[in-house]
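S.K.: Predicted model and sequence follow; I will ask about them next.
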Amino acid sequence: MSYDERSTSGTGFMMFLLGAASGAAVALLCAPATGRDSREYLKRRAREASDQAANAASKARDMVAQGADAVASNVDSWRSTVNSAIEGGREAVAKGRDTVNYAVDQGREAYQQAKANPA
């Protein structure tokens with residue numbers, strides 16, 4: 001989804017919400033209730049909407065914190081796995097180097113013996 005598509009969809013959604021709020025306000029103003037009752041109703045609904053928004057924001061913060069903790073945990077786990085693989089590679093290289101050095105030494109020794117005793 002490109003930036004323009006997100007921008008257009010966000011604007012469309014905002015226009016929908018604005019229209020819904022305007023329609024609700026007009027319906028309340030035309031409803032057979034007193035002004036005081038309508039104002040109290042609007043205040044109560046505004047408070048409820050504010051509380052719901054605060055709860056949603058709190059849940060979002062909690063989810064982000066949990067996600068951050070999960071990422072940190074996964075990175076730590078990954079780091080230990082990589083470090084152990086690196087250490088295993090180093091050990092394999094050292095063992096291979098020792099094997100090659102031993103084989104070279106054995107070859108030199110055999111050469112020296114063959115040179116000393118031409119048969």
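M.R.: Thanks, I have it. Numbers count the residues shown, from 1 in each chain.
S.K.: Show me what the helix or strand harbouring Ala56 is packed against.
M.R.: Per DSSP states H and E, Ala56 falls inside helix 35-116. Contacts defined by 3 or more CB pairs under 8 Å, 6 or more residues apart in numbering; DSSP states H and E place helix 35-116 against helix 3-30. From N, CA and C alone the C-beta is placed, and that goes for glycine too.
S.K.: Low-confidence stretches in the chain?
M.R.: 1-10, 28-29, 31, 33, 119 (pLDDT under 70).
S.K.: Repeat the analysis, applying 50 as the threshold.
M.R.: Across the chain, the ranges flagged by pLDDT under 50 are 1.
S.K.: Near Tyr41, how many other residues are there?
M.R.: 13 (other CB atoms under 10 Å).
S.K.: Next, find the distance separating it from Ala70.
M.R.: As judged by CB to CB, to the nearest Å, Tyr41 and Ala70 stand 43 Å apart.
S.K.: for Val64, same thing?
M.R.: When Val64 is compared with Ala70 (using CB to CB), they lie 11 Å apart.
S.K.: now Ala114
M.R.: On the measure of CB to CB, Ala114 and Ala70 end up 65 Å apart.
S.K.: And for Thr11?
M.R.: 34 Å.
S.K.: tell me, how many neighbours does Val100 end up with?
M.R.: For Val100, the count of nearby residues is 10 (other CB under 10 Å).
S.K.: Fine by me, thanks again.
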